[in-house]
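1. For reference, the sequence and a predicted model appear below.
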Amino acid sequence: MCQNHRPNQDLASDSPPDETRHASRRTLLGAVAASAVAAAPLLTAAPAAAASASAAPLSLVLLGTNSGPPPLADRYGIASALVVNGRTYVVDCGRGAVSQYLRAGLSMPSLTGIFLTHLHADHIVDYYAFPLLAAGASGAQGFRTPVSVYGPGPAGIPSTVAGAPGPVPGTVEMTRLAGQAYAAAPTFFMTEHIGIDPATLLDVRDVLPPSAAGASATNTAPAMRPFTVMENDDVKVTAVLVPHGAVFPAYAYRFDTDHGSVVFSGDTALTPNVITLARGADVLVHEALYPAGLAALGLPQSLIDHILATHTDVAELGRIAAESGVGALVATHLGPGDPATVSDATWRRLLHGSAHRAGYGGRVVLGTDLLHVPIGRERARRGQVLSGG
């Protein structure tokens, strides 16, 4: 967690109260379309009660906001939680996701779904920890029913890992193999009648793009229409493919509810697919890369070139938000994520500049660990758009 922010943070504005704080969403989007607002107000965090994430009908909590596999002391791995009518849906499970989930005041029994954007280590390392640690737990520490899991399916890409012949596994096969790798603990617990098989706590589905999209390992994210991943009484989830180097498939997800809509870009290079998916959404949660910050890390040039080719420059976020017509932009998966390399003040300056150049008039939020965005509650207040008041 970033040292400059405390756990269980709520959304607050550092803009004067007479700015777009009290504008209706319809007015705000009209202003975006007309490029009438020169600069977007920038939001920062303020403390909130631990239970606030479950108090509103629709809330977003950023569990971790770091980019890349290398762990940091001051920022947790990428993971987000969306609470809809008291049920929690987790998007990606980076390092520390389970701990951050609990620190955010979210309960294990409320966990209803897990969505993986792609299978890079920094997005899945804590995935199997959820069922593995909750197996056999009761009350507030366990699951009420099996958690639905949706993640990329197998694409027939050959594995180059020693001892792992055959194609790279999709989410279903990855989960099965994780269960085998960690079989000792549940076996011993079940022998002593104090545990259950973690696999029984998950209902896992592979997500593959529709054949009509014409996607492949060599054409990973052609222009496409969003397709439905799942739908229940709480939420409809749709997805599009996004380009992320050799990764296939990699997805962006949109969650539509009666209380608002939230889009997660996942890891992606610039693509019109995100704009198509996010059009008119209340919140766009988008990854952010600061290219100049990479120079301070001492990385090989080949790695820097790869990062630049597979992620989205923070300078582009204002344009993406404006063209999408979203009500608010939240920057996460910050790269570089170390505050000692790129400070929060620098990130805010970059986001503000990006929004200003694009004429984006919506709210702009710098993602910090445990930041809470009460979308449903704020949306319900007439004349306010994510005011955080």
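-> That came through fine.
2. neighbouring contacts of stretch 199-208?
-> For stretch 199-208, contacts defined as C-beta atoms under 8 Å, 6 or more residues apart in numbering pick out 130-131, 134-135, 143, 146-155, 170-172, 175-176, 179, 229-230, 239, 249, 251. C-beta: built from backbone N, CA, C; applies to glycine.
3. same check, this time on stretch 264-272
-> 80, 91-92, 115, 117-118, 120, 123, 221, 223, 242-244, 247, 250-255, 274, 278, 284-287, 309-313, 316, 333.
4. which residue sits closest to residue 110, ignoring its sequence neighbours?
-> residue 88 (4.5 Å; C-beta to C-beta, 6 or more residues apart in numbering).
5. do residue 328 as well
-> Per C-beta to C-beta, 6+ apart, closest to residue 328 is residue 363, 3.9 Å.
6. What's the local residue count around that neighbour?
-> 30 (other C-beta atoms under 10 Å).
7. Likewise for residue 307?
-> Residue 307: 19 neighbours (other C-beta under 10 Å).
8. what residues are up against it?
-> 289, 294, 299, 335.
9. Now it, what are its backbone angles?
-> Note on residue 307: backbone dihedrals following degrees, to the nearest 10 are phi -60, psi -40.
10. picking that back up, are any of the contacts of stretch 199-208 buried, and which?
-> In terms of neighbour count (16 or more other C-beta atoms under 10 Å), the buried residues within the contacts of stretch 199-208 are 130-131, 134-135, 143, 147-155, 170-172, 175, 179, 229-230, 239, 249, 251.
11. Count the neighbours of residue 323 for me.
-> The number of residues packed near residue 323 is 18, by other C-beta under 10 Å.
12. if you average pLDDT over the helix or strand containing residue 90, what comes out?
-> Assessed by DSSP states H and E, residue 90 sits inside strand 87-93. Strand 87-93 carries an average pLDDT of 98.
13. Flag every buried residue along the very next helix or strand once past that strand.
-> Sequence-wise, the next helix or strand downstream of strand 87-93 (DSSP H and E) is helix 97-103. Residues 97, 98, 100, 101, 103 are the ones in helix 97-103 that count as buried (16+ other C-beta under 10 Å).
14. of all those, which comes closest to residue 75?
-> Each of the buried residues of helix 97-103 was scored against residue 75 by C-beta to C-beta, and residue 100 proved nearest at 10.7 Å.
15. Could you tell me the per-residue confidence at the closest one?
-> Reported pLDDT for residue 100: 98.
16. so who does it touch?
-> By C-beta under 8 Å, 6+ apart, residue 100 lies in contact with 1, 63, 64, 76, 79, 369, 370.
17. Try it again at 6 Å.
-> 63, 64, 76 (C-beta atoms under 6 Å, 6 or more residues apart in numbering).
18. just to revisit the earlier point, wouldn't the residue nearest to residue 328 be in contact with residue 330 here?
-> No. Residue 363 is beyond contact range of residue 330, at 8.6 Å (criterion: C-beta atoms under 6 Å).
19. Residue 152 touches residue 249, doesn't it?
-> Yes. Residue 152 lies in contact with residue 249 (C-beta under 6 Å); the separation is 4.7 Å.
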